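[1] What follows is a predicted structure for the sequence shown.
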Amino acid sequence: MRMKSLMLIFTLGMALSFAKVANATLVDIAGKGTWNANTPTSPFSAPNETWAFSFDLPQSFSPSGIGTPVTQFSNFNYLLNGSLVSSPTLSSVEFYTPNIDGISFVLAFDTGDTVALFGPDVGTSGTLSLGTFTAPITMNDKFQETGNGIVTLSIPSATPEPSPLALFGTGIFLLGYMAYRKKELLKKA
């Protein structure tokens with residue numbers, strides 16, 4: 001009876017751990033390109049320098065809508081000419097409808113600076129659209145192209161968390177042990 005209780009707890013634990021992983025679908029958003037010669041120098045831009053950024057965002061998020069700041073991002077990195085830029089930090093991501101203003105999304109920094117990327121609507125509905133698009137880029141609401149690049153939205157390959165794997169391994173061990181004990185008890189009878 002004790003073993004059945006352990007198996008029930010194990011089964012419930014596995015179901016809960018996999019349910020938690022399934023609800024946390026993240027999308028990797030990554031971009032890279034080059035600033036033009038007329039780009040002003042700032043902590044995240046410089047004439048003729050390369051830029052790259054990446055961050056994760058849940059595939060579905062709230063609140064949503066045109067220009068609504070989304071703060072549920074994680075793992076934000078910004079590189080200028082291959083060097084990590086630690087300041088300013090990202091404060092929000094805002095999604096737009098390109099047929100209204102041409103902008104796909106805006107990275108808003110804690111200094112008040114913005115970097116706008118032009119392309120398709122990838123998130124005003126509250127659900128991210130996956131794919132790759134070319135992205136003219138501009139900064140601080142100056143609607144002129146000051147750089148070019150490519151942005152990719154993708155779901156990372158599924159890598160199981162260590163805790164569900166440990167729980168799964170423990171369950172397999174317990175199943176094997178139960179079969180062994182049952183076999184031993186049958187031999188004695």
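    Nice, thanks for sending it over.
[2] what's the nearest residue to the residue nearest the centre of the chain if we skip its chain neighbours?
    Nearest to the geometric centre of the chain sits Asp56, at 2.0 Å (Cα atoms, centre = their mean). Once flanking residues are discounted, Asp56 sits nearest to Leu26: 4.4 Å by Cβ to Cβ, 6 or more residues apart in numbering. Yep, even glycine has a C-beta here, placed from its N, CA and C like the rest.
[3] The residue nearest to the centre of the chain: what's it in contact with?
    With contact set as Cβ atoms under 8 Å, 6 or more residues apart in numbering, Asp56 has these partners: 26-29, 73-75.
[4] and it, that one's in a strand?
    Yes - judged by DSSP: H, G, I helix; E, B strand; the rest coil, Asp56 forms part of a strand.
[5] circling back to that earlier point, just the buried ones from the contacts of Asp56?
    Buried members of the contacts of Asp56, scored by 16 or more other Cβ atoms under 10 Å, are 26-27, 29, 73.
[6] okay, those in TSV with secondary structure next?
    As requested, these are exported to TSV (three-state DSSP):
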residue	secondary structure
Leu26	strand
Val27	strand
Ile29	strand
Phe73	coil
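[7] Measure how buried Gly112 is and give me the count.
    For Gly112, the neighbour count with other Cβ atoms under 10 Å is 9.
[8] sec struct for it, please.
    coil.
[9] Could you do Arg181 as well?
    Arg181 is classified as helix under three-state DSSP.
[10] Check the one 4 residues further on too.
    For Leu185, the assignment made with three-state DSSP gives helix.
[11] ok, so what distance separates it from Met178?
    11 Å (Cβ to Cβ, to the nearest Å).
[12] what do you get for Thr152?
    Distance of Thr152 to Met178, given as Cβ to Cβ: 47 Å.
[13] what mean pLDDT would you report for stretch 123-142?
    Stretch 123-142 shows an average pLDDT of 82 in the prediction.
[14] Check which residues of it are buried.
    Result for stretch 123-142 [16+ other Cβ under 10 Å]: buried residues 123-124, 126, 128, 133, 135-139.
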